[in-house]
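Undergrad: Predicted model follows, preceded by the sequence.
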Amino acid sequence: MFKHILIATDGSDLAEKAVEQGLNLAKGLGAKVTAVTVTPSWAATVPGEVAVALPVEEYMRATKENATAILSSVEAAAKRVGVACVARHETDRFPAEGIIAAATETGCDLIVMSSHGRRGLRRLLLGSQALEVLTHSTVPVLICR
């Protein structure tokens, strides 16, 4: 059925549930996994007032360290369950955009990710990356809640 699964994670507890589900699915199907975490650009993340206190170099270093920790955790979990996993850090993209690009560029045939299930004003302000991926992906998407 699915041969190459993209598992998207931001390192949150909720995303860890999707990682677990994605790895278990991959094991059951004999599929390989690409794990991805996405870092938005500095300009999109840091408002003008904070830019003085958080220079771009510091932001890049911190996001690289964070992504390495997140992806190392997924690789270790994949190793424990016996699934081949390649880690990928997408930078300077909005999360949904980076997830879809990673799936396309690596030839994944399923995307597994979590959704925070935000509603109302929180959804309006924070957006829904899961909805963006669902709307724009050309491959099936499994959303874990």
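TA: Cool, the structure landed. Residues are numbered from 1 along each chain as shown.
Undergrad: what ranges do the helices span in this protein?
TA: Secondary structure of the chain (DSSP state H): helices at 13-29, 42-45, 48-51, 56-81, 95-106, 120-126, 129-136.
Undergrad: just those: most buried one?
TA: Greatest average neighbour count among the helices of the chain goes to helix 95-106 (a mean of 20), per mean count of other Cβ atoms under 10 Å. Every residue, glycine included, has its C-beta placed from N, CA and C.
Undergrad: what does that helix rub up against?
TA: By Cβ atoms under 8 Å, 6 or more residues apart in numbering, the list of residues contacting helix 95-106 from outside reads 4, 6, 8, 10, 34, 36, 38-40, 86, 88, 90-91, 93, 108, 111, 113, 129, 132-133, 136-139.
Undergrad: Buried by neighbour count, from those residues: which ones?
TA: Applying a neighbour-count criterion of 16 or more other Cβ atoms under 10 Å, the buried members of those are 4, 6, 8, 10, 34, 36, 38-40, 88, 90, 93, 108, 111, 113, 129, 132-133, 137, 139.
Undergrad: Which of the helices of the chain has the lowest mean pLDDT?
TA: Among the helices of the chain, helix 120-126 carries the lowest mean pLDDT, at a mean of 48.
Undergrad: Please name the residues that touch Leu131.
TA: Taking Cβ under 8 Å, 6+ apart as the definition of contact, the neighbours of Leu131 are Ser115.
Undergrad: now do the one 10 residues further on
TA: By Cβ under 8 Å, 6+ apart, the contact set of Val141 is Leu110, Ile111, Val112, Met113, Ala130, Val133, Leu134.
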